[in-house]
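Here's a sequence, model it:
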Amino acid sequence: MARVPAAVTAAATVVSAAARRIRDRARTASRTLPRPQRDRRAAPAVGLAAQPHPFTRALGLLCVVLLGAWLGLLIVGNVRVPVGPMNTTMTLRPSLTGGTKINVSPLGALELHSHQAPLRLDVDVDQLDPVRAEALVDHPERLSGLQDEVTRDVEHGTLDLAVRSCIAVVSGATALGLAVYRRPRRALAAGGLALTLLAASGATAFATWNPKSVLEPKFSGLLSSAPSLVGNARNIVSEFDVYQEELARLVRNVTKLYDVTSTLPAYQPDPSTIRVLHVSDIHLNPASWKIIASLVDQYAIDVIVDSGDTMDHGTAAENGFLDPIADLGAPYVWVRGNHDSGATQRYLERMKNVHVLDDGRAETVAGLRFAGIGDPQFTPDRSVSPGGDAAEVLAGDRLASALRDQRAAGTPVDIAIAHEPTAARETDGDVPMVLAGHLHHEGMEVMKYGTRLRIEGSTGGSGLRAVEGKYPDPIEASVLYLDRDTRRLQAWDEIKLGGLGLTTAEVSRHLPKENQPGAPTSPTPSGTTPRATP
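Below you'll find the predicted structure:
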């Protein structure tokens, strides 16, 4: 074993003693420190306080701004403005769709797609000024100056509303920002952002402003039974092409409505227009007959078209349900649906004033030439295997062939009818318009070769199926206005009534694009581009 020099041993002893002294001092110092400092020395890792994400802060500020602006508009964002003989209240409301809503209590409301912006203009007709109204009644010549008066009133009210809304929005957002953040700078930022959003909304409304929206209004409540407010199909373009004139017309009509309390004016028939009432998918709902009879009387309907599924199971026991058709007051054109049996069809063929169309057969009714085909499938019969879309396409081809034969014979068809839209689409290019149902919701489209397809909703509110969903299906029908000379579609009204247990009513007026002011004249009377025969 090697001997260690004494010097080395002594040096090691000195180093060990020094290390012990340093360790003892460190222990003594740590015991004299406060507990938090001792903990930090024991765990030297340092953590940073979590800071809010910029996106979260911006989202929170936006929520404060929107809520504050809405509260400001709700509290003070309205003005009372006399418009002609009426006292009105104008209000701006947040909205996803924009537009203008005119509330004529207790008669209902009128909605216009006047603009697209996150703000909706509400105009509440509070009351009729009896002095001004009496002056108009006693001096009809003053109506000629009502247009300028109404325009000035609306411009003044809109400007006043814009100023007040700016103040309400900025005040509401600033006040809520101060309450939430307790910082004047953040509160002022909220107010500035609210003003910016309001200015952007106003600019969007101005850029998308559509003064011709009065051509396609939507009525609800009692106003839905006053279609004369939107004029007849022949003069709808010539008389409604200027917004100011229509605004004055609206004021005059509302004045008349108030003047007779709630007695609505009758719809004045236009001898130059053929009115077609399109119904479908009644499905054994007895209430449908009263609704149809009321529409026939109110709109002076010339002919009713039923695109099928009048029954539910097509049994002979159900045939008595069809008897009220004889008393509806207008010719009834009918095609078979997939819930209508051959027995149903034969029963209707024996009824007076009923025109059953099948296999492409054509008839002229009320000045229009119709052709139709029954649905090739009868789905209530479980013993028969349904053919699906292939059967519908084949039926549509047969109808299209019959339409071409009629045109070649010099007796072109104005309106074709099929129950299933799949079959109806096969007539594209062979007829100006084709009517269908089956889907239980309405729709209108112009197909590739120019034929207009109108799909009607359920005039029976889906019958017994109305109780299957959370909400009952609405009762839907439509009135088609066709020119008596050209037999072209001029306008149509979509009528929607609340379903089982409901009492709502809406009427929406629509115009084809080619019939709107400024549209070019169609080069062909039929409005279709004939397709080549396959």
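
would you list every one of the strands in the stretch 201-350 of the chain?
Under the criterion DSSP state E, counting those that start in this stretch, the stretch 201-350 of the chain carries strands at the ranges 218-221, 273-279, 303-306, 332-334.

which helices and strands sit right next to the third one?
If I follow you right, that is strand 303-306. strand 273-279, strand 332-334 (3 or more Cβ pairs under 8 Å, 6 or more residues apart in numbering; DSSP states H and E). For every residue, glycine as well, the C-beta is placed using N, CA and C.

Pull out the buried positions in the shortest one.
Spelled out, that is strand 332-334. In terms of neighbour count (16 or more other Cβ atoms under 10 Å), strand 332-334 has its buried residues at 332-334.

And the first one, by the same measure?
Within strand 273-279, the residues that qualify as buried by neighbour count (16+ other Cβ under 10 Å) are 273-279.

Pull the most distant pair out of those residues.
Using Cβ to Cβ, the pair of the buried residues of strand 273-279 lying farthest apart is 273 and 279, separated by 19.1 Å.

and residue 320, how many neighbours?
9 (other Cβ atoms under 10 Å).

oh, I was asking about residue 448
By other Cβ under 10 Å, 10 other residues sit near residue 448.

and the residue lying closest to residue 419 once chain neighbours are set aside, how far is that from residue 421?
In space, not counting the residues next to it along the chain, residue 419 is nearest to residue 308; the distance is 3.5 Å by Cβ to Cβ, 6 or more residues apart in numbering. Separation of residue 308 from residue 421 (Cβ to Cβ, to the nearest Å): 12 Å.

rewinding a little: possible to save the strands of the stretch 201-350 of the chain as TSV with distance to residue 67 and mean pLDDT?
Listed next are the strands of the stretch 201-350 of the chain as TSV, based on distance: least, Cβ to Cβ, whole Å; pLDDT from 0 to 100:
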stretch	distance to residue 67	mean pLDDT
strand 218-221	29	67
strand 273-279	46	95
strand 303-306	51	98
strand 332-334	56	98
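
out of the ones you listed, nearest to residue 109?
Nearest to residue 109 among the strands of the stretch 201-350 of the chain is strand 218-221; the distance by Cβ to Cβ comes to 5.0 Å.

a helix runs through residue 63, doesn't it?
Yes - judged by DSSP: H, G, I helix; E, B strand; the rest coil, residue 63 forms part of a helix.

sorry, back to before: could you dump the helices and strands packed on strand 303-306 to JSON lines with distance to residue 94?
Below are those laid out as JSON lines (distance: least, Cβ to Cβ, whole Å):
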{"stretch": "strand 273-279", "distance to residue 94": "37"}
{"stretch": "strand 332-334", "distance to residue 94": "47"}
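
Tell me which other helices or strands the one helix or strand residue 166 maps to touches.
Using DSSP states H and E, the element containing residue 166 is helix 146-181. Using 3+ Cβ pairs under 8 Å, 6+ apart as the contact test, the elements touching helix 146-181 are helix 54-76, strand 78-83, strand 86-94, helix 184-207, helix 243-259.

which stretch in these is the model least sure about?
Ranked by mean pLDDT, the helices and strands packed on helix 146-181 bottom out at helix 243-259, with a mean of 47.

could you pull out the helices for the protein?
6-32, 35-42, 54-76, 130-138, 146-181, 184-207, 236-239, 243-259, 287-299, 342-349, 388-408, 421-424 (DSSP state H).

elements contacting the third one?
Judged by 3+ Cβ pairs under 8 Å, 6+ apart, helix 54-76 is in contact with strand 86-94, helix 146-181, helix 184-207.

Columns distance to residue 437 and mean neighbour count on top of these, output as CSV?
What follows is these, written out as CSV (distance: least, Cβ to Cβ, whole Å; neighbours: other Cβ atoms under 10 Å):
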stretch, distance to residue 437, mean neighbour count
strand 86-94, 37, 19
helix 146-181, 42, 18
helix 184-207, 38, 17
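
could the ones you listed be laid out in TSV, adding distance to residue 303?
Putting these into TSV (distance: least, Cβ to Cβ, whole Å) gives the following:
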stretch	distance to residue 303
strand 86-94	39
helix 146-181	38
helix 184-207	42
